[in-house]
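J.: Next come a sequence and a model predicted from it.
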Amino acid sequence: FCNILDFTFICIMMIDVFPNGISLGGFKTIRLVRIVRPMQKNFSTVKNLVAALINSFVSILHVLNLLVILMLLFGLMGISLFRGRLNSCNDLSAEGFEDCIGTSFGGIP
């Protein structure tokens, strides 16, 4: 199987290397699969590792959901607490907001 995989990758690389060849940039990332080849002698260990990773995928999604909810919560709290308070002018001679744009404006308009 790995010999066929290597042959396929070499053919894709040869097409990509030619100056007038088709650009196959997306296939370069697939070459990372070749990293697994030295691990064939420990196939049962790799198989158990991949199975554990797949089994923990649902738990990882739960943690990511919690993270998104907390980010949304603190983002909404920050917006409600600081709405418009960071947009201040530190130039006392400015009469309006238009005079404040520049070095004396203390926030994002």
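T.: Received it, and whenever you're ready, just let me know what you need.
J.: Wait, a strand at Gly96?
T.: No: per DSSP: H, G, I helix; E, B strand; the rest coil, Gly96 lies outside any strand segment and is coil.
J.: How confident was the prediction at it?
T.: The model reports Gly96 with a pLDDT of 72.
J.: neighbours around it, how many?
T.: The local packing of Gly96 (other CB atoms under 10 Å) involves 7 other residues. C-beta here means a position set from N, CA and C on the backbone, and glycine is covered the same way.
J.: Next up, the contacts around it.
T.: When contacts are counted by CB atoms under 8 Å, 6 or more residues apart in numbering, Gly96 touches no other residue.
J.: Could you check how far it is from His62?
T.: Using CB to CB, to the nearest Å, we find Gly96 at a distance of 51 Å from His62.
J.: Can you identify each of the helices in the chain by residue range?
T.: Counting by DSSP state H, the chain has these helices, from start to end: 2-17, 43-55, 57-82.
J.: Make JSON lines from the ones you listed and add mean neighbour count and mean pLDDT to it.
T.: Putting the helices of the chain into JSON lines (neighbours: other CB atoms under 10 Å; pLDDT from 0 to 100) gives the following:
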{"stretch": "helix 2-17", "mean neighbour count": "12", "mean pLDDT": "73"}
{"stretch": "helix 43-55", "mean neighbour count": "10", "mean pLDDT": "82"}
{"stretch": "helix 57-82", "mean neighbour count": "10", "mean pLDDT": "93"}
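J.: Same list, the ones you listed, but as TSV with distance to Cys100 please.
T.: Shown next, in TSV, are those (distance: least, CB to CB, whole Å):
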stretch	distance to Cys100
helix 2-17	55
helix 43-55	54
helix 57-82	18
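J.: quick one: which of these is nearest Asp91?
T.: Between Asp91 and the helices of the chain, the shortest gap by CB to CB is with helix 57-82, which sits at 21.1 Å.
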